[in-house]
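1. missing the sequence, but the structure's below:
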């Protein structure tokens, strides 16, 4: 006998949701963000208004009008021209920026090359090379940068000869001279058709990039190793060289010559610049060396063994297999390191190099006043440079990150 069960399944009704302003996710995030923004805005308004009131009580004005005032001093090192009694504080600001960027760029390049070299040497199987590199890293990292800057400045002052006994670094040609006042080198004077050589150089660089990509693609498809170094070097040298000769060699050189108690002509780098550059490169390369060593060690040894088994030489394995896979681990600390190079260049004020802090936040502040504006502009410059470096290297970091399949 069949039993018919006509009972209907009961469906539980969801309880009615109660709206709670402080716990509802739909409004909580927006509310607290608005509250935080108002708090930050109030703090900023309080600081600005308080500073403005204090300046007004002291009879000081707030604004950037002083940038159009003629500066009464001449920086001792500058990459652009400056006329005392004619140019203004805005040009002083530009000179400080260029001087800072100049030494920072050279320091970043030198730090990167030296850091990678020392980092690879740390992994050498040669006991002497590995331990010398280890000593370099441990000693340099544990000495404050300011002390190293002063050390190099004092060493250059104590070791280098006077003007009359300048060291000839050009092997008797008397073109590159080093003495207690700095480094003197020839300065190029461009002719009217030199631009054609630069155009040829750009074309050669584009052709070299295309050739390298073609060689890489062919190697991926066929396994054939096509040499790229010598062909690329030939492209970059031969084509611009031929254009340079065909246009009549439109380039002359201003050679430094001794005149009385100093050199005239050419270009010179002061002693403070050389000391600062050496200290920045040596100090920061020790930190980058450790980042490179850690990045290389993060690559599985099986990758190296497989590459060696495929017939690649040791240097090819390092350049084509290990380093590309280590870059995702190297780039993040390198971002902070490059930013620190720029920011630490401000320590140049200890030895008298005319960077932004020395010529603008010190000399200009003492002569023009306007401390709030000058300090704020200096802080803004370092912030913009740091954010730019971070932005560009983060783009590169995303490109080198390994994508899991």
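-> That came through, no problem. Quantities reported herein were computed from a predicted structural model and do not represent experimental measurements.

2. next helix or strand past the helix or strand that residue 283 is a member of?
-> Assigned by DSSP states H and E, residue 283 falls within helix 271-297. Per DSSP H and E, the first helix or strand lying C-terminal to helix 271-297 is helix 301-309.

3. got the contact list for whatever helix or strand comes next after that following helix?
-> The element immediately downstream of helix 301-309 (helix or strand, assigned by DSSP H and E) is helix 314-317. The contact list for helix 314-317 (Cβ atoms under 8 Å, 6 or more residues apart in numbering) reads 225, 304, 307, 308. (Glycine included, C-beta is placed from N, CA and C.)

4. how far does helix 314-317 sit from the chain's center?
-> Centroid separation for helix 314-317 versus its chain: 28 Å, with Cα atoms, centre = their mean, to the nearest Å.

5. buried set for that helix?
-> The neighbour-count check on helix 314-317 (16 or more other Cβ atoms under 10 Å) flags residue 317 as buried.

6. contact partners for residue 284?
-> Applying Cβ under 8 Å, 6+ apart to residue 284 gives the contacts 107, 111, 115, 337, 340, 341, 344.

7. model confidence for it, exactly?
-> With respect to pLDDT, residue 284 scores 95.

8. ignoring the adjacent residues along the chain, who's closest to it?
-> Distance criterion Cβ to Cβ, 6 or more residues apart in numbering; nearest residue to residue 284, sequence neighbours excluded, is residue 111 at 4.4 Å.

9. name the element that neighbour belongs to?
-> helix 89-122.

10. what's the neighbour count on the closest residue in space to residue 303 that isn't next to it in sequence?
-> Nearest residue to residue 303 in three dimensions, chain neighbours excluded: residue 321, at 5.7 Å (Cβ to Cβ, 6+ apart). Here the number of neighbours of residue 321 (other Cβ atoms under 10 Å) works out to 18.

11. again, but for the one 3 residues further on
-> Residue 324 has 12 neighbouring residues, counting by other Cβ under 10 Å.

12. mind listing residues that contact stretch 331-346?
-> Around stretch 331-346, the neighbours that count as contacts under Cβ under 8 Å, 6+ apart are 100, 103-104, 107-108, 111-112, 115, 145, 276, 280, 283-284, 287-288, 291, 355-357, 382, 385-386, 389-390, 393-394, 396-397, 400.

13. buried ones only from those residues, please, as a ChimeraX command.
-> Selection of buried members from these for ChimeraX, criterion 16+ other Cβ under 10 Å:
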select :100,103,104,107,108,111,112,115,145,276,280,283,284,287,288,291,355,356,357,382,385,386,389,393,397
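
14. now do the helices in the stretch 1-150 of the chain.
-> Taking DSSP state H, counting those that start in this stretch, the helices of the stretch 1-150 of the chain run over residues 25-57, 89-122, 127-141, 145-159.

15. out of those helices, which one sits most buried?
-> Highest mean neighbour count of the helices of the stretch 1-150 of the chain: helix 89-122, a mean of 20 (counted as mean count of other Cβ atoms under 10 Å).

16. what about residue 165, neighbour count?
-> Residue 165, neighbours per other Cβ under 10 Å, totals 9.

17. scratch that, residue 232
-> 18.

18. looking at it, it is touching residue 206, isn't it?
-> No - between residue 232 and residue 206 there is no contact under Cβ atoms under 8 Å: 11.6 Å.

19. so where's this structure uncertain?
-> Filtered on pLDDT under 70, the chain yields the residue ranges 1-28, 55-56, 58-62, 402-405.

20. list the contacts of the closest residue to residue 270 other than its chain neighbours.
-> With Cβ to Cβ, 6+ apart as the criterion, residue 270 has its nearest non-adjacent residue at 4.4 Å, and that residue is residue 182. Listed by Cβ under 8 Å, 6+ apart, the contact partners of residue 182 are 268, 269, 270, 271, 273, 274.

21. so the second one sits in a strand?
-> In other words, residue 269. Yes - under DSSP: H, G, I helix; E, B strand; the rest coil, residue 269 sits within a strand.

22. how about it, nearest residue that isn't a chain neighbour?
-> Excluding its sequence neighbours, the residue lying closest to residue 269 (Cβ to Cβ, 6+ apart) is residue 183, at 4.5 Å.

23. A strand includes that neighbour, no?
-> Yes - Residue 183 sits within a strand when classified using three-state DSSP.

24. could you check how far it is from residue 92?
-> 24 Å (Cβ to Cβ, to the nearest Å).

25. now do residue 41
-> Residue 41 sits at a distance of 33 Å from residue 92 (criterion: Cβ to Cβ).

26. what are the ranges of the helices in the stretch 301-405 of the chain?
-> 301-309, 314-317, 323-344, 356, 365-368, 371-400.

27. surely the residue nearest to residue 269 meets residue 274?
-> Yes - counting by Cβ under 8 Å, residue 274 is a contact partner of residue 183 at 6.1 Å.

28. re the thing from before, how far off centre is the helix holding residue 283?
-> 12 Å.

29. pull out the buried residues from that helix.
-> For helix 271-297, a neighbour-count test (16+ other Cβ under 10 Å) marks 271-293, 295-296 as buried.

30. kindly calculate the angle that that helix makes with helix 89-122.
-> 40 degrees (axes from the mean of the first three to the mean of the last three Cα atoms, to 10 degrees).

31. residue 67: how many residues sit nearby?
-> Applying other Cβ under 10 Å, we find 19 residues neighbouring residue 67.

32. actually, residue 248.
-> Residues lying near residue 248 (other Cβ under 10 Å) number 10.

33. that one touches residue 193, doesn't it?
-> Yes - with contact defined as Cβ under 8 Å, residue 248 counts as touching residue 193 (6.9 Å).
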